[in-house]
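**Q** this is a predicted model, with the sequence first.
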Amino acid sequence: MSSREKILGAISTNKPALIELPVIDIKSTSNLAADWVEQFIKILESIGGTVIQLSSIDLIKKEIQQAKIGGEYIVNTLPILGEVNTEINSTMEASLLETVDRAYIEGSLGVAENGSVWLYEHQIKNRLLPFICQHLVICLNTNKIVPNLHEAYKQIDVAKEGYGVFLAGPSKTADIEQSLVIGAHGARSLLVYLISE
Amino acid sequence: MNPKNFNRLFFEPIQAATLSHSAAAEIFNKDEARTDWHDETLWFVREKRDKAVKQISEWEQLRTLGSDIKDHTLSNLDNYLTEFEKNAQANGIKIHWAIDAEEHNEIILRIIREQKVQQVVKSKSMLTEECHLNDFLAQRGVEVVDTDLGERIVQFRNEPPSHIVLPAIHLKKQDVSETFHEHLGTEKGNNDPQYLTEAARQHLREKFIESQLAITGVNFAIASTGGFVVCTNEGNADMGAHAAKIHIACMGIEKIIPKVEHLGVFLRLLARSATGQPITTYSSHFHQPRVGQQMHIIIVDNGRTKQLGRPDFRSSLKCIRCAACFNTCPVYRRSGGHSYHTAVAGPIGSILNPNLDMKANADLPFASTLCGSCSNVCPVKIDIHVQLYKWRQELVSEGYTATGKKVAMKGMAFVLSHPSIYRITGKMARWMMRAFPFILNNKSINPWYKQREMPEAPKQSFRDWYKKNKQ
């Protein structure tokens, strides 16, 4: 008998009688989108992220141009922000991605209760990019903020693509004496532009 | 009798090959300042948890849901596992089944050898600790680099993690500084956590880029979609898995949840219970290997089906490994994780480990005051302190406790059920405490005297006082 059969057999012998699956019925504390935006900003900033609200993307375009002139390796993945970096694809080597100073990525959805942003694989171009870049910038439409994770999972399809992530703030650790250090292995900073155009 | 023997006979459980919890805790407690610091640091994490939890008005509803979803899942686990397997395979993931630790380790070794892998990185996985994977591979010439900062620190020091969420919580920054000076060439005496973390970042980035194979754990595996979620704050699981050509994710059979919507409940509970964060920095959802990558999942039993068959203890399988029970436990905080001599320490470890090896872990259910704080903070409502109590009964009836303890308990039961003998012994004890205080105020004879002063004995018992003073 294979291990698979042994394990499944032992479970079927040892499991208790079927217990019913509960229904998740949790209401959000507020129905106002403005409250969700406020909470999203407050929580993301409390976990080390920065949020800037913009009514126009021109400022971001200018920022990208200036940084490129300054010699930084900037990766832009959003066509609306100008020229995109076509060299970034799903098979790009880690050793090359490691040289990225700053990456601009579009977020799908923000979660007010925890300050996280959902990123689909097609938005990050390469799974490593949001982790290996030194600094990460996410552009998110203000009307894409939902109150909590229950609502978030209703709106996204986690199995649609091979990979997706809820990303909340810069990489961090408190493994040395519980002292918070920002910039463990992933990006050293996270800036979220909340755009309402 | 030699006081040392007296002590061993009456107050210590059977010694396994390693030191028992109480013996190891005694060594830990020798450094009082450090013990106090450990205690306070863990309590600080517990307070962060409380603060986070109080901001969620539906917290208790979430705990009930978390508990009920897990109860349901365990009652249908075989069907969910086969559903998960089918969907994961359709996603292009290779599924392996391991009955025990040895088979789990062999499967990984086989993949490493077949693919001629030289460099392996691993993010935190308590299952691989439970299976002693690193030692197994090291003995066969394969070096595994642990990439979680805390785990890398303890790996350099040849120590096991002392906490499932904060692996190096037993160490001070001076210790880390010395370790990094020795292994990474950092400046001697520079204890700045920022500086030390940066050194680890540079060192491990090299390892991520060089490695061909990444091992991760699994926080949740979704039956309906055949995908899995891995949570980290550092981003090390993602750095490893996305850079390597092969990704192996290791999971116990109990990591299954039925549907995606259940992640909403568990991800809300996990980080708040663990560290007081609203969510971990990265909650990564893996469904398919990336182009050109191989993805494997190893589904491991290693005693879990046996635990499922113990009605009193099966709910321990609901654990989501947040470690809230560690941080709140007065015994854990003042004895340190290594005293538990197992991969998963703390209260939850003390009810999981006797299932794996009753004899070797017979001491652990006694490493508790049964105060119940663990059960109160558990996000999936496991009745941990009740199970600790039940394991004690199980262990005594199976003959896994020291004769001294049994004799003492029987003696106590006899005294307590005979009022006249109780009164005489009480009188004798009070007289002893007054006449020969040095006997009781002696650490080697009376373990209750350790870390505390004995009270002054009253001249009369409450019974005598009551008889004299009642109208």
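**A** Thanks, I have it.
**Q** all contacts plus neighbour counts: C-alpha atoms, from now on.
**A** Will do.
**Q** dump the residue contacts of residue 94.
**A** Since no chain was named, I'll use chain A. Contacts here follow CA atoms under 8 Å, 6 or more residues apart in numbering or on different chains; on that basis A:Ala94 touches A:Leu128, B:Ile209, B:Ala243.
**Q** correction: the question concerned chain B.
**A** Here B:Lys94 is in contact with B:Ala88, B:Met295, B:His296, B:Ile297 (criterion: CA under 8 Å, 6+ apart).
**Q** before we move on, what SS does the last one have?
**A** Secondary structure, DSSP: H, G, I helix; E, B strand; the rest coil: B:Ile297 is strand.
**Q** pretty sure it is touching B:Ala249, no?
**A** Yes - under the criterion of CA atoms under 8 Å, B:Ile297 makes contact with B:Ala249 at 4.8 Å.
**Q** what sits opposite the residue minimising distance to the centre of chain A in the beta ladder?
**A** Compute the mean C-alpha point of chain A, and by CA atoms, centre = their mean the closest residue is A:Leu167, 3.0 Å away. For A:Leu167, the beta-bridge partners are A:Val117, B:Tyr282 (DSSP bridges).
**Q** contacts only, for it.
**A** A:Ser116, A:Val117, A:Trp118, A:Leu119, B:Thr281, B:Tyr282, B:Ser283.
**Q** which SSE is immediately downstream of the one helix or strand the fourth one maps to?
**A** In this case it means A:Leu119. Taking DSSP states H and E as the criterion, the element that holds A:Leu119 is strand A:116-120. Read in the C-terminal direction, the helix or strand following strand A:116-120 is helix A:121-124, with elements assigned using DSSP H and E.
**Q** now the terminal residues of stretch B:170-190, how far apart.
**A** Terminal residues of stretch B:170-190 are spaced 19 Å apart (CA to CA, to the nearest Å).
**Q** so what touches it?
**A** Contacts of stretch B:170-190 with the rest of the structure, by CA under 8 Å, 6+ apart, involve A:176-177, B:38, B:153, B:156-157, B:162, B:191-193, B:196, B:199-200, B:203, B:336-337.
**Q** of the residues you listed, buried ones?
**A** Among those, those that count as buried by neighbour count (16 or more other CA atoms under 10 Å in any protein chain shown) are A:176-177, B:38, B:153, B:156, B:162, B:191, B:193, B:196, B:199-200, B:336-337.
**Q** any low-confidence regions in chain B?
**A** Across chain B, the ranges flagged by pLDDT under 70 are B:1-17, B:404, B:440-449, B:451, B:471.
**Q** now check stretch A:148-159, is it near chain B?
**A** Yes - in this structure, stretch A:148-159 sits against chain B according to CA under 8 Å from any CA of the partner chain; the contacting residues are A:Leu149, A:His150, A:Tyr153, A:Lys154, A:Val158, A:Ala159.
**Q** A:Val75: what secondary structure?
**A** Here A:Val75 is recorded as strand under three-state DSSP.
**Q** and for the residue lying closest to it once chain neighbours are set aside, the neighbour number?
**A** The spatial neighbour of A:Val75 that comes closest, neighbours along the chain excluded (CA to CA, 6 or more residues apart in numbering or on different chains), is A:Ala103 at 4.6 Å. Using other CA atoms under 10 Å in any protein chain shown, A:Ala103 has 24 neighbouring residues.
**Q** next one, pLDDT for A:Ala103 please.
**A** pLDDT recorded at A:Ala103 is 98.
**Q** so where do the helices sit in the stretch 201-350 of chain B?
**A** Listed in chain order, the helices of the stretch 201-350 of chain B (DSSP state H, counting those that start in this stretch) span B:236-243, B:261-274, B:304-308, B:324-328, B:330-333, B:346-356.
**Q** next, format these as CSV and append mean neighbour count and distance to chain A.
**A** As requested, the helices of the stretch 201-350 of chain B are exported to CSV (neighbours: other CA atoms under 10 Å in any protein chain shown; distance: least, CA to the nearest CA, whole Å):
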stretch, mean neighbour count, distance to chain A
helix B:236-243, 28, 6
helix B:261-274, 23, 5
helix B:304-308, 23, 6
helix B:324-328, 28, 13
helix B:330-333, 22, 14
helix B:346-356, 25, 14
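**Q** as TSV, those helices with distance to A:Ser55 would be great.
**A** Rendered in TSV, the data for the helices of the stretch 201-350 of chain B read as follows (distance: least, CA to CA, whole Å):
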stretch	distance to A:Ser55
helix B:236-243	33
helix B:261-274	31
helix B:304-308	55
helix B:324-328	42
helix B:330-333	50
helix B:346-356	50
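**Q** list the buried residues for stretch B:400-410?
**A** When neighbours are counted by 16+ other CA under 10 Å, the buried residues of stretch B:400-410 are found to be B:Tyr400, B:Thr401, B:Ala402, B:Thr403, B:Gly404, B:Lys405.
**Q** doesn't the first one belong to a strand?
**A** It refers to B:Tyr400. No - the assignment for B:Tyr400, made by three-state DSSP, is coil rather than a strand.
**Q** what's around residue 75, how many residues?
**A** No chain was given, so I picked chain A. Residues contacting A:Val75 under the criterion other CA under 10 Å number 24.
**Q** not quite, I wanted chain B
**A** A count of neighbours around B:Ser75, defined by other CA under 10 Å, yields 22.
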